[in-house]
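J.: Just a sequence and a predicted model for now, questions to come.
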Amino acid sequence: MLDVSTSTVSPGLGGTASAFKDMTEFAACAVESFGRQIGPRRVRVAAIEFATSAQSLFGFERSEEHTSELQSQIGS
């Protein structure tokens with residue numbers, strides 16, 4: 001779950017300019033750490049982003065795809 005609301009990147013609201021990049025890098029590293037364990041009968045991953053509403057980046061059905069593609073979907 002990635003928070004893309006203005007408050008995460010606006011210094012005036014307590015955020016930082018690099019917050020979104022930091023979140024996506026963290027998520028990509030988490031996916032990478034599972035490596036070959038990701039699959040339909042193994043670890044499954046999904047990602048959504050939210051601000052005023054939520055949007056799916058990819059769902060659990062895509063968990064069997066190659067780790068690097070999942071990372072690119074996250075934004076790393």
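T.: Sure, I can see it.
J.: From here on, just use CA atoms for contacts and neighbour counts.
T.: Noted.
J.: For Phe34, give me phi and psi.
T.: Phe34 adopts backbone torsions of phi -80, psi -30, taken as degrees, to the nearest 10.
J.: what sits opposite Ala54 in the beta ladder?
T.: On the basis of DSSP bridges, Ala54 is bridged to Phe50.
J.: pretty sure it contacts Ala47?
T.: No. Judged on CA atoms under 8 Å, Ala54 makes no contact with Ala47 at a distance of 10.3 Å.
J.: So the two - more neighbours on which side?
T.: Ala47 (16 against 13; other CA atoms under 10 Å).
J.: roughly how far apart are the more buried one and Gly39?
T.: 15 Å (CA to CA, to the nearest Å).
J.: send the alpha carbons of the helix or strand where Phe20 lies over as CSV?
T.: Taking DSSP states H and E as the criterion, Phe20 maps to helix 19-34. Taking C-alpha atoms only, helix 19-34 is exported to CSV below (Å, rounded to 0.1, in the frame of the first residue of the first chain):
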residue,chain,number,x,y,z
ALA,A,19,8.9,10.2,0.3
PHE,A,20,7.2,8.5,-2.7
LYS,A,21,10.6,7.4,-4.1
ASP,A,22,11.5,6.0,-0.7
MET,A,23,8.2,4.1,-0.5
THR,A,24,8.5,2.5,-3.9
GLU,A,25,12.1,1.5,-3.3
PHE,A,26,11.1,-0.1,-0.1
ALA,A,27,8.3,-2.0,-1.7
ALA,A,28,10.5,-3.1,-4.6
CYS,A,29,13.2,-4.4,-2.2
ALA,A,30,10.5,-6.3,-0.2
VAL,A,31,9.3,-8.0,-3.4
GLU,A,32,12.9,-8.8,-4.4
SER,A,33,13.6,-10.3,-1.0
PHE,A,34,11.0,-13.0,-1.7
